[in-house]
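1. Structure, please.
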Amino acid sequence: MSARVLIAEDEAAIADAVAYALRGEGFDVDTVEDGESALDAARRDGYDVLVLDLMLPGVSGIEVCRRLRADSAIPIVMLTARTAEVDRVVGLDAGADDYVVKPFSMPELISRVRAILRRRELDLAEPTELRVGSLALDLGRHTATIDGEPIRLTPSELKLLSLLARHPGRVFSRRELMQHLWDSAYVGDQRAGDAHIVNLRRKIGGERLVTVRGVGYRLVAV
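-> Below is the predicted model:
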């Protein structure tokens, strides 16, 4: 069965081009033009990936991310024409798993979508429950708790945290974390990984996700 991709993009030429490219790679693709339609379709129709433009009429892409993350673990790749780093960080903080800056190449976007789908398949094949101190992960259910209290994580945050939780105390470099995140030796812009780490430290606490200056990060039991 083909993976299902929802494209939320109000520029018809871009939406048509992305849909054409993804269909050519065997994906089942639908498109919507505004934020409300993106929310309705993503919640209703069981898509595997959402390709989401940052600037949508009505409900913005950022707000779509925030609302979906309240009740959905759908992976999100955000499209943005903005070059300011703060906009990318805001998108990741809202719950996006990755971003592609316009103008982008179709092979780049397709590779990002495929990487997200590979990560989901690998997550399903791995042991589903991990515990480090008071932090517990259930990968099958995409849940995390501290002392039984739920923490809402994006798919990418859970992916990174699961690697750290399998090797508590071990220091992972930024590059190792990004290679794990994308299942590839090529990691491109590592700032996306930095943003995920910042968000994780905010959610689980800096006393658990410790920065080893000049080396990387490790997860410790608390």
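2. Can you give me the domain assignment for the protein?
-> Domains of the chain are assigned by automatic domain parsing as 4-121, 127-219.
3. Quick check on the residue nearest the centre of the chain: phi, psi?
-> The centre of the chain sits closest to D97, judged by Cα atoms, centre = their mean, with a distance of 1.8 Å. D97 has phi and psi values of phi -90, psi -30 when expressed as degrees, to the nearest 10.
4. Which other helices and strands does the strand or helix carrying L163 contact?
-> For L163, the host element (DSSP states H and E) is helix 155-166. Helices and strands touching helix 155-166, by 3 or more Cβ pairs under 8 Å, 6 or more residues apart in numbering; DSSP states H and E, are helix 106-125, strand 129-132, strand 135-138, helix 174-182, helix 191-204, strand 216-219. C-beta here means a position set from N, CA and C on the backbone, and glycine is covered the same way.
5. Using CSV, write out every CA atom in that helix.
-> The C-alpha trace of helix 155-166 is given here as CSV (Å, rounded to 0.1, in the frame of the first residue of the first chain):
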residue,chain,number,x,y,z
PRO,A,155,8.2,12.2,16.0
SER,A,156,11.7,13.6,15.6
GLU,A,157,12.1,14.4,19.3
LEU,A,158,11.0,10.9,20.2
LYS,A,159,13.4,9.5,17.6
LEU,A,160,16.4,11.4,19.1
LEU,A,161,15.3,10.7,22.7
SER,A,162,14.9,6.9,22.0
LEU,A,163,18.6,6.8,20.8
LEU,A,164,19.8,8.5,23.9
ALA,A,165,17.6,6.3,26.2
ARG,A,166,19.0,3.1,24.7
